[in-house]
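**Q** Turn this into a model:
(chains A and B)
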Amino acid sequence: QKEVEQDPGPLSVPEGAIVSLNCTYSNSAFQYFMWYRQYSRKGPELLMYTYSSGNKEDGRFTAQVDKSSKYISLFIRDSQPSDSATYLCAMSAGEKLVFGKGTKLTVNP
Amino acid sequence: GAVVSQHPSWVICKSGTSVKIECRSLDFQATTMFWYRQFPKQSLMLMATSNEGSKATYEQGVEKDKFLINHASLTLSTLTVTSAHPEDSSFYICRTGSGNQPQHFGDGTRLSIL
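**A** Modelled structure (predicted):
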């Protein structure tokens, strides 16, 4: 079993839809959870950063962490075509990050 | 704005050439820099961790003599791909590391070896 599992998609939604992206993990030592957005041929851009369990909201983005289920989610409300990108989950117990494979999202106008 | 500046963004060169990639931290001191490689439709794979003033730590399977990492100052880390071959063609990305605070990536270098 891989440390971090993420459905690679692709995921295609209409503009304005609510998008749900998820990752599961197996290492119970992970304490820090991140979501990155990566546009084609660019470096990942940090979107959300959470510590331990709970929810965090930033504008149209909400990150949820459920450590009991080893499951994290990213919700995007009122999705826009500019949200089209690959979304990577990442997590760590220290400085080394372990990444999911990324989910490719396309928001259609 | 960018907190990590990575150059070049894209390089094409002949097989056997050595290529140097630079990552500079802007407005802060990066004691640790992580170097990743990303193949198409794959996740980021950690290659090595460099700490300022000391030898880099390489992940299993990564040839340290082929991927030379230098972290001579708190603002600059370099990765040199020596005698590059087509199988080294990939997207190389650096990331700062400073404890457990949110991290920042460079914009990546697309390396194409002919």
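**Q** who in chain B is up against chain A?
**A** B:4, B:6, B:32, B:34, B:41-44, B:46, B:49, B:91, B:93, B:95, B:97, B:99-100, B:102-108, B:110 (Cβ under 8 Å from any Cβ of the partner chain). Bear in mind the C-beta positions are built from the backbone N, C-alpha and C, glycine included.
**Q** what about burial for those, which qualify?
**A** Among the residues of chain B next to chain A, those buried by neighbour count (16 or more other Cβ atoms under 10 Å in any protein chain shown) are B:4, B:6, B:32, B:34, B:43-44, B:46, B:49, B:91, B:93, B:95, B:97, B:103-108, B:110.
**Q** Please flag which of those residues sit within strands.
**A** Among these, the ones falling in strands (DSSP state E) are B:4, B:6, B:32, B:34, B:46, B:49, B:91, B:93, B:95, B:97, B:110.
**Q** Mind putting the residues you listed into a markdown table with pLDDT?
**A** Output for these, formatted as a markdown table (pLDDT from 0 to 100):
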| residue | pLDDT |
| --- | --- |
| B:Val4 | 89 |
| B:Gln6 | 95 |
| B:Thr32 | 87 |
| B:Phe34 | 92 |
| B:Leu46 | 92 |
| B:Thr49 | 92 |
| B:Phe91 | 95 |
| B:Ile93 | 95 |
| B:Arg95 | 91 |
| B:Gly97 | 72 |
| B:Arg110 | 95 |
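**Q** These into JSON lines, with extra columns for distance to A:Asn22?
**A** Shown next, in JSON lines, are these (distance: Cβ to Cβ, whole Å):
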{"residue": "B:Val4", "distance to A:Asn22": "28"}
{"residue": "B:Gln6", "distance to A:Asn22": "30"}
{"residue": "B:Thr32", "distance to A:Asn22": "30"}
{"residue": "B:Phe34", "distance to A:Asn22": "25"}
{"residue": "B:Leu46", "distance to A:Asn22": "23"}
{"residue": "B:Thr49", "distance to A:Asn22": "29"}
{"residue": "B:Phe91", "distance to A:Asn22": "25"}
{"residue": "B:Ile93", "distance to A:Asn22": "24"}
{"residue": "B:Arg95", "distance to A:Asn22": "23"}
{"residue": "B:Gly97", "distance to A:Asn22": "26"}
{"residue": "B:Arg110", "distance to A:Asn22": "29"}
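**Q** any low-confidence regions in chain B?
**A** Low-confidence segments of chain B (pLDDT under 70): B:1-2, B:98-102.
**Q** and the residue of it nearest chain A?
**A** At 3.8 Å from chain A, B:Phe105 is the closest residue in chain B, using Cβ to the nearest Cβ.
**Q** Flag every residue of chain A that's near chain B.
**A** Residues of chain A lying near chain B (Cβ under 8 Å from any Cβ): A:8, A:31-32, A:34, A:36, A:41-46, A:49, A:51, A:88, A:92, A:94-97, A:99-102.
**Q** Is it possible to mark the buried ones in the residues you listed?
**A** A:31-32, A:34, A:36, A:42-45, A:49, A:88, A:92, A:95, A:97, A:99-102.
**Q** Kind regards, and thank you for your time.
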